[in-house]
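Student: Structure for the following, please:
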Amino acid sequence: MSGRTYQHVAVLMGGPSSERDVSLSTGRGCAEALRGEGYTVTEVEAGAEGGPELVSRLQQVAPDAVFNALHGRWGEDGCVQGVLEWLRIPYTHSGVRASSLAMDKARTKDAYRIAGLPVVESRIVPKAEVAAGHVLPLPYVVKPNNEGSSVGIYIVTEGTTGPTLPDTMPARVMVETYAPGRELTCTVLGDRALPVTEIHMDGWYDYEAKYAPGGSRHTVPADLPEEITAACRDYALRAHDALGARAISRTDFRWDDTRGVDGLILLETNTQPGMTPTSLTPEQAEAAGLTFGQLCAILVEDASCDR
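Tutor: The predicted structure follows:
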């Protein structure tokens, strides 16, 4: 443990969001990896009720740092980050502002535009308006403005009417022009971009494709023209900086390979990239020469509560 800032790490997982199961898988894997790196680890499962019990549990555990393995609302939207700031416990990943900004798809696109990064047309509209008719030329995508892991996404194509959205969808949703092409993604770790991954799947990259074994196939490093690889890495770094992200993020792209660099579009940036056995970021880290344990340790040693 020579040179380590922290000894005892609480791995925070679970939580109240629709991504609870993903978070539990991420947390357990990260806890095991950190033990392998020599840390003392306590697994802390956040329940559906959120804050009060978690505060009590963390005060009881009294860790040197928290590894935030939560996903979705409350866990990566700035809420739990605010709790950890109040408790003055150093934590991994981005702080309150960047977490909140990246979780809000509309504000993220605004930050991209200000930074000169390419995005598709989008707008926030009432759910009832979407159900009544097309609000953008076909094809387009309907999604919640504040969810991750492709939860609640609908693709509306030629020959279809406006989608029937479930009651669980918020009253206002994002509608954006569908970006055709190949699915690419790039992780930023610290101040460097890791190798680019291309994602191959039947259909589109939904929740099942992301997390089910065999749901998708990944090529890393992606077999791309050098200029596209360079653009993905540059855009990922610029997106990371535009959002004020810390330590790690992963930016997703679509690339229309008939249009060269002009066909590269940013979709979103995740400040809490998945760390499950089927996740992209650990594969990219491995391609860059880092074991999973080393990746987790880097994040712990970057932990802070001064964001």
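Student: where do the helices sit along the stretch 201-307 of the chain?
Tutor: 207-211, 226-243, 280-287, 292-301 (DSSP state H, counting those that start in this stretch).
Student: neighbours around the residue found closest to Arg88 once you drop the neighbours it is linked to in the chain, how many?
Tutor: Counting by C-beta to C-beta, 6 or more residues apart in numbering, Cys305 is the residue found nearest to Arg88 once chain neighbours are left out, at 5.5 Å. Any C-beta I mention is one placed from the backbone N, CA and C, and that applies to glycine too. Using other C-beta atoms under 10 Å, Cys305 has 16 other residues around it.
Student: List the residues that contact Cys305.
Tutor: Leu84, Glu85, Leu87, Arg88, Ile89, Pro90, Tyr91 (C-beta atoms under 8 Å, 6 or more residues apart in numbering).
Student: try 10 Å
Tutor: Ala65, Val66, Gln81, Leu84, Glu85, Trp86, Leu87, Arg88, Ile89, Pro90, Tyr91, Gly95 (C-beta atoms under 10 Å, 6 or more residues apart in numbering).
Student: Just to be sure, which of those residues are found in helices?
Tutor: In helices, judged by DSSP state H, the following of these are found: Gln81, Leu84, Glu85, Trp86, Leu87.
Student: Show me which helix or strand of the chain is least confident by mean pLDDT.
Tutor: Every helix and strand of the chain was ranked by mean pLDDT, DSSP states H and E. The lowest is helix 207-211, at a mean of 45.
Student: still on that earlier bit, let's have the contacts of Cys305 in TSV, adding distance to Ser18 and pLDDT.
Tutor: Compiled in TSV, the contacts of Cys305 are given as follows (distance: C-beta to C-beta, whole Å; pLDDT from 0 to 100):
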residue	distance to Ser18	pLDDT
Ala65	27	98
Val66	22	98
Gln81	19	95
Leu84	22	95
Glu85	25	95
Trp86	25	94
Leu87	26	95
Arg88	30	96
Ile89	26	97
Pro90	28	97
Tyr91	22	98
Gly95	23	96
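Student: And the residues you listed, which of them are buried?
Tutor: The neighbour count (16 or more other C-beta atoms under 10 Å) marks Ala65, Val66, Gln81, Leu84, Glu85, Leu87, Ile89, Pro90, Tyr91, Gly95 as buried among those.
Student: and which of the ones in helices among the contacts of Cys305 is nearest Cys186?
Tutor: Gln81 (23.6 Å; C-beta to C-beta).
Student: what about that closest one, distance to Gly51?
Tutor: Separation of Gln81 from Gly51 (C-beta to C-beta, to the nearest Å): 12 Å.
Student: same question, Gly27
Tutor: Taking C-beta to C-beta, one finds Gly27 at 18 Å from Gly51.
Student: Give me the nearest residue to Leu138, chain neighbours excluded.
Tutor: Glu158 (5.4 Å).
Student: three-state assignment of the one you found?
Tutor: coil (DSSP: H, G, I helix; E, B strand; the rest coil).
Student: just use 482 as the starting number from now, easier for me
Tutor: Right, with 482 as the first residue, what we last looked at is Glu639.
Student: If you count neighbours, what's buried in stretch 697-705?
Tutor: Buried residues in stretch 697-705 (16+ other C-beta under 10 Å): Ser697, His699, Val701, Ala703, Leu705.
Student: I'd say the second one and Glu767 touch.
Tutor: No: using C-beta atoms under 10 Å as the test, His699 is too far from Glu767 to be in contact (11.1 Å).
Student: what domains does the record give for the protein?
Tutor: 489-575+774-782, 582-599+661-771, 603-658 (automatic domain parsing).
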